[in-house]
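> Got a predicted structure plus its sequence, pasted below:
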Amino acid sequence: MTDEWRGWQEAAETALYGDGGFYRSPEGPAGHFRTSVHASPLYAGAVARLLVETARELDPGPVDLVDLGAGRGELLTGVLAALPAAGGDGLAVRAYAVELAGRPPGLDPRIEWCAEPPPRVHGLLFANEWLDNVPTEVAETDADGITRYVLVRTEDGTERLGEPVTGADAEWLRRWWPSAGPGSRAEIGRPRDEAWARAVARLAGGLAVAVDYAHVREARPPFGTLTGFRAGREVRPVPDGSCDLTSHVALDACAAAGSGAGAPPELLSQREALRRLGVSGERPPLALASADPAGYVRALASAGEAAELTARGGLGDFGWLMQHRG
């Protein structure tokens, strides 16, 4: 790490994925923030049901389950455990954890650990909070109305404005995130569009799903969303490897990029997606409390976890981008 001024994309790439970067730390993402995967096993159960549904639409035979940005394999471990209850008992699954960090000890041997997804995916490709960690450039409109790249100093996160945004980045902003005037900011999501298009292009048949903090063109945040997380707390984003660096995803732009790979998109909220998959958050009937007290307590706990996963103003507002192919 140095004190040189760099664009946010380069600085974040090094801070997150370089030698000694944040995502190479032994504790992994779960040591710093809580995702839907960590909130409840109901999430893995829902993904297991989605995998079974996807497999039924494909030719008989083994089905792939690819987790992009797998952390320490928590989602895949949960899905494999949930498959029998999801109707997937006997389903032959090839599970791939795509992650730059090393394979954690004790991981289920059925899970293949790899730095890149397989070249041909036949099944379900799932990216839970992956795109928000694909680094992007940050742009800000100056007092004269000129949109410029934001430069950052690695050692302390101090920012200054750099050269005007031009070329493909400027075109992306014009199409997907027009300036809201002097002082407004944007994360230039072109690298995420390209990353998602590459991932979807590997899907020979089945379903690709991206789940993330999201916004669409009609409701972009005027000052951007770049932030940091460390040990469960939101912190000032400093690209020194000590914290996560994340920003919300323009999922509508990613959807258009995935459509270029031949996959029609569907955008919906996590609340809608999980309800389709049987996670509703509804309380169990009170009559169950007297008929089966232990069962009532278990159902009540499950309803509480489901409510967290589908809550408005929380995890339920996450975006799900679903793209079928083949």
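Noted; the coordinates are in hand. As the structure is a prediction and not an experimental result, all values here were calculated from the model. Residues are numbered from 1 along each chain as shown.
> low-scoring stretches of the chain, by residue?
1-3, 27-34, 281-304 (pLDDT under 70).
> residue nearest the centroid of it?
Central residue of the chain (C-alpha atoms, centre = their mean): Glu129, 1.8 Å from the mean position.
> mind checking how far that residue is from Arg56?
27 Å (C-beta to C-beta, to the nearest Å). Just so you know, the C-beta spots here come from the backbone N, C-alpha and C atoms, and that holds for glycine as well.
> What ranges does the stretch 151-300 of the chain have for its helices?
In the stretch 151-300 of the chain, the helices defined using DSSP state H, counting those that start in this stretch lie at 167-176, 190-201, 251-259, 270-276, 287-291, 293-309.
> Tell me which of these lies nearest to Phe318.
Among the helices of the stretch 151-300 of the chain, helix 270-276 comes nearest to Phe318, with 4.1 Å by C-beta to C-beta.
> Packing partners of the closest one?
helix 41-56, helix 293-309, strand 319-325 (3 or more C-beta pairs under 8 Å, 6 or more residues apart in numbering; DSSP states H and E).
> Mean neighbour count and distance to Trp5 for these - can I get that in CSV?
Shown next, in CSV, are those (neighbours: other C-beta atoms under 10 Å; distance: least, C-beta to C-beta, whole Å):
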stretch, mean neighbour count, distance to Trp5
helix 41-56, 22, 40
helix 293-309, 15, 41
strand 319-325, 21, 33
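> could I get those as TSV with distance to Val98?
Formatted as TSV, these follow (distance: least, C-beta to C-beta, whole Å):
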stretch	distance to Val98
helix 41-56	15
helix 293-309	23
strand 319-325	17
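> Which among those is found nearest to Leu203?
strand 319-325 (4.6 Å).
> what angle separates that closest one from helix 190-201?
Using axes from the mean of the first three to the mean of the last three C-alpha atoms, to 10 degrees, one finds that strand 319-325 and helix 190-201 are set 40 degrees apart in direction.
> Mind giving me the packing neighbours of strand 319-325?
Against strand 319-325 (3+ C-beta pairs under 8 Å, 6+ apart) you get helix 190-201, strand 203-212, helix 251-259, strand 265-269, helix 270-276.
> what secondary structure does Arg72 sit in?
Secondary structure, DSSP: H, G, I helix; E, B strand; the rest coil: Arg72 is coil.
> Hmm, I typed the wrong one, I wanted Leu125.
Leu125 - assigned by three-state DSSP - is strand.
> I'd say it and Arg202 touch.
Yes: Leu125 is in contact with Arg202 according to C-beta atoms under 8 Å; the separation is 7.2 Å.
> tell me, what's touching these two both at once?
Jointly contacting Leu125 and Arg202 under the rule C-beta atoms under 8 Å, 6 or more residues apart in numbering are Pro117.
> of these two, who's got more company?
Set Leu125 next to Arg202 and count neighbours by other C-beta atoms under 10 Å: Leu125 wins out with 27 against 18.
> Any figure for the gap between the more buried one and Val134?
Taken as C-beta to C-beta, the span from Leu125 to Val134 is 15 Å.
> Please apply the same query to Gly71.
For Gly71 relative to Val134 (C-beta to C-beta), the value is 15 Å.
> count of neighbours near the residue lying closest to Trp172 once chain neighbours are set aside?
Excluding the flanking residues, the one nearest Trp172 by C-beta to C-beta, 6 or more residues apart in numbering is Arg190, at 4.6 Å. By the criterion of other C-beta under 10 Å, Arg190 has 20 neighbours.
> Report the contact partners of Arg190.
Counted by C-beta under 8 Å, 6+ apart, Arg190 has contacts Thr136, Ala168, Asp169, Trp172.
> before we move on, the earlier item: may I see the helices of the stretch 151-300 of the chain arranged in JSON lines, with distance to Pro222 as well?
As requested, the helices of the stretch 151-300 of the chain are exported to JSON lines (distance: least, C-beta to C-beta, whole Å):
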{"stretch": "helix 167-176", "distance to Pro222": "13"}
{"stretch": "helix 190-201", "distance to Pro222": "20"}
{"stretch": "helix 251-259", "distance to Pro222": "17"}
{"stretch": "helix 270-276", "distance to Pro222": "24"}
{"stretch": "helix 287-291", "distance to Pro222": "48"}
{"stretch": "helix 293-309", "distance to Pro222": "29"}
